[in-house]
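Novice: structure, please.
(2 chains)
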Amino acid sequence: MHEYSLATNLIEILREEKKKRNIKKILKVELEFGKLASAEPLIFKEIFDIIKKDTEFEETELIIDLIEPEVKCLNCEKDFKADTFPFLCPYCENMGGELLRGDKITMKSLEIIKD
Amino acid sequence: MAEVIKESVSISILKVNEEIASELRHFFNQRRIFTINLISSPGSGKTMLIERLLDYFDKEKVFVFVGDIETERDAKRIRERGGKSCQIITGNTCHLEAIMIKKGLSFLEDGTEYLFIENVGNLVCPASYDLGEHLRISMISTPEGDDKILKYPKAFLTSDVLVINKIDLLKYLPFDIQRVEEEAKKIKREIKIFKTSALTGEGVKELADFIKKEREGRFKD
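Specialist: Reported below is the predicted structural model:
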């Protein structure tokens, strides 16, 4: 339930990037949204669309790409996709594993007009 | 007509928290302050566990940060027990963030060897926020039920230690402790498990000894 705080972070990052890269306008922002990021993408988008109205990013469109978590098996060391717990290796059926990606929210690209 | 450009970036949305957490870790390492982040649901006994743990430490060398949405009740409890503490009131925030810990650093005294951070009662959001800690402990208590590990997996996946608290109530509850241990190991094979009763004190010394040993291992001369 910390989508509000995350959406505020996104606005802050956009502000910083706009300044740093001499951006006139940010048209689109694309996020990779891990399914295990402990946040709900739809709620996140709704909150972002509400709070952006009071900022210079009122017209910035948010694109969310959902990322399937990837896990490394600690037994056979193969990588596999997993979107539920516990992680079960499809190759050797070992339980557990190291999460490689899919637990983070990362800004991947910006569509911009420069100054 | 202005040109539209697409630029690739790679910025974590938790960038600010991650940067501050790494500053904090540096601060703790330099001063040899071993830091523990304690996560659990409200009411599973975090404050009482810390109160009990204090009995096994030199209270002069321990500091406790307590996170809550409102009130200074928990910090007061720690002080009444002879410990040093500082309340972090988060207002609307359901977890502690690294910036809140940074603001509390000025309260730490010279000679502090252990910092316990009692997170806001919540098994979800605190799991995503690095506070620069050395050891993360997630706790469940027996009245919560034995099915919680797989319901809130990220807390346990990101933790070094699982504490099962209120084991004095096992005789009254349909709580399958073996199920909890098995499921925790399925989430994270190397997780250490301690069974405690903060009320009677059972198992608390073992946890205290483990924390001391972890500090020794971390800050070898």
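Novice: please count neighbours and contacts with C-alpha atoms only from this point.
Specialist: OK.
Novice: please enumerate the helices of chain B.
Specialist: Per DSSP state H, chain B carries helices over the ranges B:15-30, B:46-54, B:73-80, B:98-104, B:148-151, B:153-157, B:177-187, B:204-218.
Novice: out of the ones you listed, which one sits most buried?
Specialist: helix B:153-157 (a mean of 25; mean count of other CA atoms under 10 Å in any protein chain shown).
Novice: export that one to PDB, keeping only CA atoms.
Specialist: Written as PDB, here are the backbone C-alpha positions of helix B:153-157 (Å, rounded to 0.1, in the frame of the first residue of the first chain):
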ATOM      1  CA  PRO B 153       6.700 -14.100   1.000                       C
ATOM      2  CA  LYS B 154       8.800 -11.100   0.200                       C
ATOM      3  CA  ALA B 155       9.300 -10.200   3.900                       C
ATOM      4  CA  PHE B 156      10.800 -13.600   4.400                       C
ATOM      5  CA  LEU B 157      12.700 -13.800   1.100                       C
END
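Novice: anything in that helix near chain A?
Specialist: Yes. Contact of helix B:153-157 with chain A (CA under 8 Å from any CA of the partner chain) involves B:153-154.
Novice: and that helix, what does it pack onto?
Specialist: On a contact count with 3 or more CA pairs under 8 Å, 6 or more residues apart in numbering or on different chains; DSSP states H and E, helix B:153-157 meets helix B:177-187.
Novice: now do the helix it packs on: everything it contacts.
Specialist: A:85-87, A:95-97, B:146-150, B:153, B:156-157, B:162, B:191, B:193 (CA atoms under 8 Å, 6 or more residues apart in numbering or on different chains).
Novice: contact residues of chain B facing chain A?
Specialist: So chain B meets chain A at B:2-14, B:93-94, B:124-125, B:128, B:150, B:153-154, B:185-189 (CA under 8 Å from any CA).
Novice: confirm A:Ile112 sits in a helix?
Specialist: No. Counting by DSSP: H, G, I helix; E, B strand; the rest coil, A:Ile112 falls outside a helix, being strand.
Novice: got the contact list for the closest residue to B:Cys94 other than its chain neighbours?
Specialist: Leaving aside its sequence neighbours, B:Cys94 sits nearest to B:Val120 (CA to CA, 6 or more residues apart in numbering or on different chains; 6.3 Å). By CA under 8 Å, 6+ apart, the contact list for B:Val120 reads B:39-40, B:42, B:66-69, B:94-96, B:126.
Novice: for B:His95, same thing?
Specialist: Each residue near B:His95 by CA under 8 Å, 6+ apart is listed here: B:67, B:119-122, B:125-126, B:129.
Novice: so where's chain B shaky on pLDDT?
Specialist: B:1, B:221 (pLDDT under 70).
Novice: for the lowest-mean-pLDDT helix or strand in chain A, buried residues please.
Specialist: Using mean pLDDT, DSSP states H and E, strand A:98-101 stands out as the lowest-scoring helix or strand of chain A, at a mean of 92. The neighbour-count check on strand A:98-101 (16 or more other CA atoms under 10 Å in any protein chain shown) flags A:98-99, A:101 as buried.
Novice: parallel or antiparallel, list what pairs with that strand.
Specialist: strand A:70-72 (antiparallel) (DSSP bridges).
Novice: confirm that A:Asn109 sits in a strand.
Specialist: I think there's a mix-up here, since residue A:109 is Ser and not Asn. Yes. Under three-state DSSP, A:Ser109 sits within a strand.
Novice: so A:Gly102 sits against A:Ile67, correct?
Specialist: Yes. Assessed by CA atoms under 8 Å, A:Gly102 is found in contact with A:Ile67 at 5.7 Å.
Novice: how about the strands in chain A?
Specialist: A:23-34, A:61-67, A:70-72, A:79-81, A:98-101, A:105-114 (DSSP state E).
Novice: got the ones you listed as a markdown table, with distance to B:Arg25 columns?
Specialist: A markdown table is the format used below for these (distance: least, CA to CA, whole Å):
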| stretch | distance to B:Arg25 |
| --- | --- |
| strand A:23-34 | 26 |
| strand A:61-67 | 29 |
| strand A:70-72 | 27 |
| strand A:79-81 | 30 |
| strand A:98-101 | 22 |
| strand A:105-114 | 22 |
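Novice: mean pLDDT for those: which is lowest?
Specialist: Note on the strands of chain A: strand A:98-101 shows the lowest mean pLDDT, a mean of 92.
Novice: would you mind putting the CA coordinates of that one into PDB?
Specialist: What follows is strand A:98-101 as a C-alpha-only set of coordinates in PDB (Å, rounded to 0.1, in the frame of the first residue of the first chain):
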ATOM      1  CA  GLU A  98      17.800 -16.600  -6.000                       C
ATOM      2  CA  LEU A  99      15.600 -13.800  -7.400                       C
ATOM      3  CA  LEU A 100      17.500 -12.200 -10.300                       C
ATOM      4  CA  ARG A 101      14.900  -9.700 -11.500                       C
END
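Novice: fine, thanks again, bye for now.
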